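Undergrad: Give the three-dimensional model of this entry:
(chains A and B)
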Protein chains: 2
Amino acid sequence: MGTLLTSSLLNTKPPLQRMTDTSSTGPRQPGDLCSEDAFLALIDRCFPSAHHDVLLGRGDDCAVVACRESLCVTSDLFLEDAHFRMAYFTPEDIGYKALAVNISDIMAMGAKPLGFVLNLMVPRQLERGFWEAFFQGMAELAVEHDLYLAGGDLSGAPYLGVAVTIWGERPPGGKFLRRGQARPGDVLFHVGEIGLARVGLTLLEGGVHVPEESSAVHADQDYPAAVRAHLRPTLHPDVAMALSRTGTVRGLMDVSDGLARDLPRFLGPDLGCALTLDPEILHPELHVFVRKNGLDAAEFAVLGGEDYALLGAVAARDWAMLREHIPAVRRLGEVTAETGIQLNGKEMRSRGFDHFYR
Amino acid sequence: MGTLLTSSLLNTKPPLQRMTDTSSTGPRQPGDLCSEDAFLALIDRCFPSAHHDVLLGRGDDCAVVACRESLCVTSDLFLEDAHFRMAYFTPEDIGYKALAVNISDIMAMGAKPLGFVLNLMVPRQLERGFWEAFFQGMAELAVEHDLYLAGGDLSGAPYLGVAVTIWGERPPGGKFLRRGQARPGDVLFHVGEIGLARVGLTLLEGGVHVPEESSAVHADQDYPAAVRAHLRPTLHPDVAMALSRTGTVRGLMDVSDGLARDLPRFLGPDLGCALTLDPEILHPELHVFVRKNGLDAAEFAVLGGEDYALLGAVAARDWAMLREHIPAVRRLGEVTAETGIQLNGKEMRSRGFDHFYR
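TA: Numbering: from 1, shown residues only, chains lettered A, B, ... in the order given. Here you go, the predicted structure:
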């Protein structure tokens, strides 16, 4: 398609030579993925081309996929040193998370993910073993969600990058859940861990002082859940679709930049919220971490980042029934007619980080 | 969505600092696009959010778009120094071609393009003026094809890159046109210039000797059509949809890697073709170029590359009517039961370039 067939045009050789000389593609290592064909064969092994919704699979100019009425669509980049580090992500983790962050946006609509396309920026030094593991991590998640891979593109590039576009549909009996639908007095709730991935990211980046301990922190040993929350965020497909079918949930979004930044996006410019964060909803590893670092648990959690939790709102009168019906929801606080975020009675001023520093 | 809202997570600052410090985003230049908000405002100015097929526009976790029965979908990367060079592409050209190569894949199905998502890898040194021109070039094409922009993602990155995913639908009364449908004896035809973009690319890359002239070639002055063919490929939407509606055209694809490489993809492993390339179908600038460089016009054109022409097949008995009905089609040759490419009676051995050199 594109369809994983066109790749880098200009790199590696001067054009006339490249255009006229087809024999000298350089020495090939046996463990290497030197050609598009080798890449495509590997992809075919990991991602079946047949699927009941795929009317024409990979390998043509386009794929043709079935759709019913409407689709929700989203796209996310996942780039080396911007969204992940090769130093502490395994190849499986990279493949897994590149797709997971996209699925999370579909969940955030209360929708069912259907299929995706995959663009890969391929640095030449990565070997076959890397790609086998990468695709395995991604395919694991695709199988779990019954997702088809409809196509994409490959290109040589100086660093590793992944661009996924994914689409989904309204679940039977459900509706798409949007942002900006909450009203004053609504109960705010979340699904999934808040702040835990921030512990993991902080530890993995090594940007933390642990004054009580002289030896280095072994992040994945001492904080396995936190590290996993950053590397392999847990998704909540069944909960998301159940929320879509309640008919009472007013809105939903995924919390990827931390509640402090994402709450205003969810509420819109005219509303605020009063959060009453029960420490019990926060993960034990987060409590250990903030205690050792002299931080406030609730504030740390609300600043968050990389949570890939779900944030929703429901009328106060519907809250009890929602909680009974979907036990995974946890109360965060309530929507207020005044803007700003109150956290346990105090105004929050920090909004976490602007991702787009230049 | 992602929706053009999440961006680079890890770069620029150590994580703890980045996470807790929201004030110091660095000095902002007045001409600079320092924030996502500034980027999004610019995108909103260039790409209207409302469209009759867009049920929910940019700014939520997903966009929601209408669809009817099925969609064709494709995705292409367009990366600096892999697919284009900043040295000779204007910002408008980059925006234009990044979208054009994707639209071309939709045309190649005989389909009508509907909408797209845009992922941008943003190097920090590019200023507002660059992006205004980039989006203008892209928006020009989007307006021409009545395309909506449904969302995407932004990230800081060390070099400029664009990943577009685009979708389309079967035109009323038409069908999707696939590869691998041709039969021996069919007439092969093309729509659009063959080999002309290769002249442009070769000149722009400076990889050519012009022994007759002592002064440098001024590519865009002496070869304006060739240069334009590479920078701003001409698309053929009306022809593509008309071909889809004939009911006789057996298959269609877009020629992006040159006929020599794309013909086998179009024909499949069991067929070949005999090309009888009339020099008259080649552009006058190509003839000048090959004469000055001592090259064979037909072979140069068939090696091609970056043509973004359409390649199709039709039963011999339907050819005359097709040509009468759609005058833009030009005869290339015929499909043979023997594999390989015969060009004007001689076997072609060169297959052009493998894009995926490592």
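Undergrad: Show me where chain A has its strands.
TA: A:54-56, A:63-66, A:70-79, A:112-122, A:148-156, A:161-169, A:187-191, A:249-255, A:272-275, A:309-314, A:330-336, A:340-343, A:346-347 (DSSP state E).
Undergrad: those helices in the stretch 101-250 of chain A, which residues are they?
TA: Listed in chain order, the helices of the stretch 101-250 of chain A (DSSP state H, counting those that start in this stretch) span A:128-144, A:196-204, A:219-222, A:224-231, A:237-246.
Undergrad: most neighbours per residue, which of those helices?
TA: helix A:196-204 (a mean of 27; mean count of other Cβ atoms under 10 Å in any protein chain shown). In short, each C-beta sits where N, CA and C put it, glycine included.
Undergrad: tell me what that helix is packed against?
TA: helix A:219-222, helix A:224-231, helix A:284-292, helix A:297-303, helix B:15-20 (3 or more Cβ pairs under 8 Å, 6 or more residues apart in numbering or on different chains; DSSP states H and E).
Undergrad: Residue A:259 versus the spatially closest residue to residue A:223 that is not a sequence neighbour, what's the distance?
TA: With Cβ to Cβ, 6 or more residues apart in numbering or on different chains as the criterion, residue A:223 has its nearest non-adjacent residue at 4.9 Å, and that residue is residue A:285. Residue A:285 is 18 Å from residue A:259, where distance means Cβ to Cβ, to the nearest Å.
Undergrad: Looking at these two, which has the bigger crowd around it?
TA: Using other Cβ atoms under 10 Å in any protein chain shown, the more surrounded residue of residue A:285 and residue A:259 is residue A:259, with 30 against 21.
Undergrad: Might one say that that one is in contact with residue A:311?
TA: Yes: Residue A:259 is in contact with residue A:311 according to Cβ atoms under 8 Å; the separation is 7.0 Å.
Undergrad: Next, show the common contact partners of those two.
TA: Taking Cβ atoms under 8 Å, 6 or more residues apart in numbering or on different chains as the contact definition, residue A:259 and residue A:311 share the neighbouring residues A:190, A:332.
Undergrad: will you turn the strands of chain A into JSON lines that also has mean neighbour count and distance to chain B?
TA: Below are the strands of chain A laid out as JSON lines (neighbours: other Cβ atoms under 10 Å in any protein chain shown; distance: least, Cβ to the nearest Cβ, whole Å):
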{"stretch": "strand A:54-56", "mean neighbour count": "18", "distance to chain B": "6"}
{"stretch": "strand A:63-66", "mean neighbour count": "23", "distance to chain B": "5"}
{"stretch": "strand A:70-79", "mean neighbour count": "28", "distance to chain B": "4"}
{"stretch": "strand A:112-122", "mean neighbour count": "26", "distance to chain B": "4"}
{"stretch": "strand A:148-156", "mean neighbour count": "27", "distance to chain B": "5"}
{"stretch": "strand A:161-169", "mean neighbour count": "29", "distance to chain B": "4"}
{"stretch": "strand A:187-191", "mean neighbour count": "23", "distance to chain B": "14"}
{"stretch": "strand A:249-255", "mean neighbour count": "26", "distance to chain B": "5"}
{"stretch": "strand A:272-275", "mean neighbour count": "20", "distance to chain B": "18"}
{"stretch": "strand A:309-314", "mean neighbour count": "26", "distance to chain B": "10"}
{"stretch": "strand A:330-336", "mean neighbour count": "20", "distance to chain B": "18"}
{"stretch": "strand A:340-343", "mean neighbour count": "18", "distance to chain B": "13"}
{"stretch": "strand A:346-347", "mean neighbour count": "10", "distance to chain B": "15"}
